[in-house]
Every structure is written in C-alpha cells, then in structure tokens.
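>>> give me a model of this one.
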Amino acid sequence: MTLPTQAIDAEGDCSMQSGQPLTVHTTDVLLAFGADPELADPDGRTPLDMADHYGHDLAVKLLQAHISRQAADSR
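Here you go, the predicted model:
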C-alpha cells in the first residue's frame, strides 16, 4: 500500500470498528507533506479507489481537490 491508501484504509477501518465518524486527518497531513494522491499501490488501487471502497466521501472530496489543485499548479 502507498501511504495515502494506507491512511484511508486505517481511517475507514477505525471508523467501522469504533462506530465513530470518518475523518481525513491522517490523509490531509500526508497530502500536505507531498504524498502523491494518484499513486497506485502494487495491486493497482489508488487512494480514490480506497476512499470509494469505504464510502469515505470526505477523503474523496479532499483527494479530488488536491488533484485539481496540482493540475492547476502544473499549467
């Protein structure tokens, strides 16, 4: 797993086990420090794939915003 997919997996799994709402704190920190939001893991799963798997809408929105911002910055 990549760091962002691991973070989303941990956030989703913790939420499922604890019954607490989903958060994006770990994912947000990793992205702030330069983690690639589009990097697939060895199984081909991207952070967005993992977020979709958990129905983690907060992470989906965060990742999409970060990807859009990166694309705009590269122009």
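>>> which of the residues in the helix or strand encompassing L58 are buried?
Following DSSP states H and E, one finds L58 within helix 57-73. Residues 58-60, 62-63, 66-67 are the ones in helix 57-73 that count as buried (16 or more other Cβ atoms under 10 Å). Where C-beta positions appear, they are placed from N, C-alpha and C, glycine not excepted.
>>> packing partners of it?
helix 3-18, helix 25-32, helix 47-54 (3 or more Cβ pairs under 8 Å, 6 or more residues apart in numbering; DSSP states H and E).
>>> for D41, which of these is the nearest?
helix 3-18 (5.1 Å; Cβ to Cβ).
>>> contacts for the closest one, please.
1, 20-27, 30-31, 35-37, 39, 41, 45-47, 49-51, 53-54, 56, 59, 63 (Cβ atoms under 8 Å, 6 or more residues apart in numbering).
>>> of these, buried ones?
Judged by 16+ other Cβ under 10 Å, buried ones among the contacts of helix 3-18: 22, 24, 26-27, 30-31, 35-37, 41, 45-47, 50-51, 54, 56, 59, 63.
>>> one step back: which of the helices and strands packed on helix 57-73 sits closest to D73?
Smallest distance to D73 across the helices and strands packed on helix 57-73 (Cβ to Cβ): 13.3 Å, for helix 25-32.
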